[in-house]
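Visitor: Pasted the sequence and its predicted model underneath.
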Amino acid sequence: MSLFFAMSLLFGLTFGQTASLCAPSEYTIHVEKRECAYCLVINTTICAGFCMTRDSNGKKLLLKSALSQNVCTYKEMLYQTALIPGCPHHTIPYYSYPVAVSCKCGKCNTDYSDCVHEKVRTNYCTKPQKICNM
């Protein structure tokens, strides 16, 4: 094995995860409750980016565990709680949301992630906005 090939292999294995570009990314959430007077605009971080994956053409020949694709998901996260302003006393005015601290490429965990990528166009306010920067 040539020295160049060995160094290229070592570089590829070391740099492969870094080149995936999976990292915390700024994201804005719009939160409304029908009973409340305002829409809360929350600036937070989520995991987003590209993870290296491969499409296997021989799906019938491989084990099921070899077919799962890696996604950009939470490595470490915490939850913050915000108060939605303008809510009447009979309404719970709190909203909890995840904040990505660090991310990784890995299997999608449906306990805390939506593993299906469907763009929903409902992230906007219909009421006056109050901004919450965490």
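Guide: Received the coordinates, thanks.
Visitor: Any stretches of this protein with poor pLDDT?
Guide: Low-confidence segments of the chain, defined by pLDDT under 70, are located at 1-20, 54-68, 112-123, 132-134.
Visitor: where exactly do the strands run in it?
Guide: 23-31, 39-48, 71-83, 94-106, 129-133 (DSSP state E).
Visitor: Just put the ones you listed in TSV and tack on mean neighbour count.
Guide: For every residue, glycine as well, the C-beta is placed using N, CA and C. Shown next, in TSV, are the strands of the chain (neighbours: other C-beta atoms under 10 Å):
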stretch	mean neighbour count
strand 23-31	15
strand 39-48	18
strand 71-83	15
strand 94-106	16
strand 129-133	14
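Visitor: what's across from the closest residue to Pro98 other than its chain neighbours in the sheet?
Guide: Computed as C-beta to C-beta, 6 or more residues apart in numbering, the closest residue to Pro98 that is not its neighbour in sequence is Met77, at 4.9 Å. The partner list for Met77 in beta bridges (DSSP bridges) reads Ala100.
Visitor: wait, isn't Met77 in contact with Ser96?
Guide: No - applying C-beta atoms under 8 Å, one finds Met77 not in contact with Ser96, separated by 11.8 Å.
Visitor: Now do the contacts for Tyr79.
Guide: Ser96, Tyr97, Pro98, Val99 (C-beta atoms under 8 Å, 6 or more residues apart in numbering).
Visitor: any idea how far it lies from Cys51?
Guide: Distance from Tyr79 to Cys51, counting by C-beta to C-beta, to the nearest Å: 24 Å.
Visitor: circling back: looking at the contacts of Tyr79, which one is closest to Leu40?
Guide: Nearest to Leu40 among the contacts of Tyr79, counting by C-beta to C-beta, is Tyr97 at 10.1 Å.
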